[in-house]
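> Test case, fold it:
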Amino acid sequence: MQKVKIDLYISDLLYSYDCVIVPDFGGFVANYASAKINPIQHRLIPPSKLISFNRNLKTNDGLLTSHIAQRKSIAYEEAKSIIDAFVSQSIAGLNQGDKIYIEKVGTLYLDPENNIQFKAEEHNDFLLDSFGLEPLRVQPIIRESKHTVIERKIKESMPLIQNDEKKKRKLYWPAAAVILVLFVSTLFLNSTFNWINSENIHQSSFDIFERSPATYQLRISDLKLNSTKLLEKKNIDYESGYVPYFTLDGEPTAITIDNNDKESIIEKDNTEVVLSPLNKQLKFHVMGGCFSDISNAKGLVSRLNHLGFNARLLGTYKNLHAVSYSSFATREEAIELLAKVKNTDNPDAWLLVKPF
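So this is what the prediction gives:
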């Protein structure tokens, strides 16, 4: 018997509704979960919807049945029969010990007491208010204890005291040297005057007009001048062509170099982003990013189109311009492109299911 899956329809409704009931089986309830910090990984997780399962909600409210009928373009009774088949297969699988996995929602299984238990997916994008928000990595603040701070301040102040003592000692030595020189000079002058007064020197010895001329011999050595070698700077001449570079927004362009004119001409990127209305059936979007500045969003669209993607501006939500690699009518095509993008271009790309 072919396995019946209604995962897609349940996850679609959880974007817009807080409760999706599977008749005669149970209801999936979405509750708001505020932002939180993971102390082990040091990550700030944005707000999201926390999904739980209530087995007592079994009354058919028509929401899931009508949604399946509209999506598959079938009658209401036929959609209800699809749900009944899913419920029968799920209950039979649980009784056999199997686990029922609801894509993007969570896993159902039986505990030892035969009660249905539910384990939700860790990450989901059902909360539209957190559209485009990714977990942030935060660095913990390391605070020093009072004892450590006091020890550090004492160690920092001790070298200052020692330096002051060394400076004082250095100032003492010049003063002592000056005093010693003055003392020796005084003793020498006193002994000289005493010797003169003792008449040991004749008057003729002080004749200032009879001085023998001093003879100076000037020796000039040969000077050799070393010649200075000038470094010749080679002229760098680029061949004519394109020199690629990237702008601040990451948009590739080129510089044209012409040796004849000796001028560098910047070739402007005249790529225009053409916005076309999206097909209403293209609900599965491989997202590349969200920007508050539309010029950055257009730049990403231009780059992705240059790489061969069918990139588009999906629209604006809370002043953020959303850019998709491409949009598809089926989930399988979108998941196939998403895997390719994550492996080759953008590991942070994600899948958005929403009509625009």
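> Could you tell me the per-residue confidence at A311?
With respect to pLDDT, A311 has a value of 92.
> check contacts around it.
Applying Cβ atoms under 8 Å, 6 or more residues apart in numbering to A311 gives the contacts G288, L300, V301, L304, N305, V323, S324, Y325, S326. In this view, the C-beta of every residue, glycine as well, is placed from N, C-alpha and C.
> and those, which of them are in helices?
Those of the contacts of A311 mapping onto helices are L300, V301, L304, N305, per DSSP state H.
> For these, which two are the farthest from each other?
Maximum pairwise distance among those (Cβ to Cβ): 9.6 Å, between L300 and N305.
> more neighbours, the two?
L300 (24 against 16; other Cβ atoms under 10 Å).
> wait, doesn't that one sit right on C290?
No. Between L300 and C290 there is no contact under Cβ atoms under 8 Å: 9.9 Å.
> shared neighbours of these two, anything?
In contact with both L300 and C290: V323, using Cβ under 8 Å, 6+ apart.
> all helices of this protein, in order?
Going by DSSP H, the chain shows helices at 7-16, 63-72, 76-95, 146-197, 294-306, 331-344.
> Next, the angle from the second one to helix 7-16.
An angle of 110 degrees separates the directions of helix 63-72 and helix 7-16 when computed by axes from the mean of the first three to the mean of the last three Cα atoms, to 10 degrees.
> I'd like to know which elements helix 63-72 is packed against.
helix 7-16, strand 19-22, helix 76-95 (3 or more Cβ pairs under 8 Å, 6 or more residues apart in numbering; DSSP states H and E).
> Looking at the ones you listed, spot the one closest to D129.
So among those, helix 7-16 is nearest, using Cβ to Cβ, at 11.5 Å.
> in that closest one, what counts as buried?
Neighbour-count burial for helix 7-16, counted by 16 or more other Cβ atoms under 10 Å, picks out L8, Y9, I10, S11, D12, L13, L14, Y15.
> Quick one: residues contacting the nearest residue to the fourth one once chain neighbours are set aside.
Looking back up the chat, that one is S11. Leaving aside its chain neighbours, S11 sits nearest to K104 (4.4 Å; criterion: Cβ to Cβ, 6 or more residues apart in numbering). Listed by Cβ under 8 Å, 6+ apart, the contact set of K104 reads D7, S11, E121, N124.
> What's the per-residue pLDDT of K104 here?
90.
> Phi and psi next, for it.
phi 70, psi 0 (degrees, to the nearest 10).
> same check, this time on S73
The phi/psi pair for S73 (degrees, to the nearest 10) is phi 60, psi 50.
> and the gap between it and H147?
For S73, the distance to H147 (Cβ to Cβ, to the nearest Å) stands at 74 Å.
> Please apply the same query to G97.
G97 is 58 Å from H147, by Cβ to Cβ.
> go on, A30?
A30 is 49 Å from H147, by Cβ to Cβ.
> give me the beta-bridge partners of the residue nearest to S90 when sequence neighbours are not counted?
Closest residue to S90 in three dimensions, ignoring its sequence neighbours and counting by Cβ to Cβ, 6+ apart: I100, at 5.0 Å. I100 has the following beta-bridge partners by DSSP bridges: L108.
> residue contacts, I100?
Contacts of I100 by Cβ under 8 Å, 6+ apart are S90, G93, L94, T107, L108, Y109.
> PyMOL command for the buried members of those?
Here is the PyMOL command that selects the buried residues among the contacts of I100 (16+ other Cβ under 10 Å):
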select buried, resi 90+93+94+108+109
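> Just give me the neighbour total for V286.
27.
> before we move on, what about K5?
Neighbours around K5, by other Cβ under 10 Å: 14.
> per-residue confidence at it?
84.
> Not including adjacent chain positions, what is the nearest residue to it?
K5 sits nearest to F86 (Cβ to Cβ, 6+ apart), 7.3 Å away.
> Can you tell me how far Y17 is from P23?
Distance from Y17 to P23, by Cβ to Cβ: 15 Å.
> Over to H285?
Remark: distance between H285 and P23 (Cβ to Cβ) = 31 Å.
> Next: S66.
Counting by Cβ to Cβ, the gap from S66 to P23 is 12 Å.
> Poorly predicted segments of the stretch 51-200 of the chain, please.
131, 158-173, 190-200 (pLDDT under 70).
> could you redo the last one with a cut-off of 90?
Counting by pLDDT under 90, the stretch 51-200 of the chain shows low-confidence ranges at 121-200.
> what residues does stretch 9-25 touch?
6, 27-31, 49, 51, 55, 57-61, 63-65, 67-68, 71, 80, 83-84, 86-87, 90-91, 102-105, 126, 128, 353-354.
> Return the members of those residues classed as buried.
6, 27-30, 49, 51, 57, 64-65, 67-68, 80, 83, 86-87, 90, 102, 104-105, 126, 353-354.
> can you give me the strands in the stretch 251-356 of the chain?
Along the stretch 251-356 of the chain, the stretches classed as strands by DSSP state E, counting those that start in this stretch are 252-258, 263-267, 284-291, 312-317, 320-328, 350-353.
> Can you pull the domain assignment for the protein?
As recorded under automatic domain parsing, the domains making up the chain are 7-137, 238-270, 284-353.
> want to try a markdown table for those, with distance to E156 as columns?
Output for the domains of the chain, formatted as a markdown table (distance: least, Cβ to Cβ, whole Å):
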| stretch | distance to E156 |
| --- | --- |
| domain 7-137 | 31 |
| domain 238-270 | 43 |
| domain 284-353 | 45 |
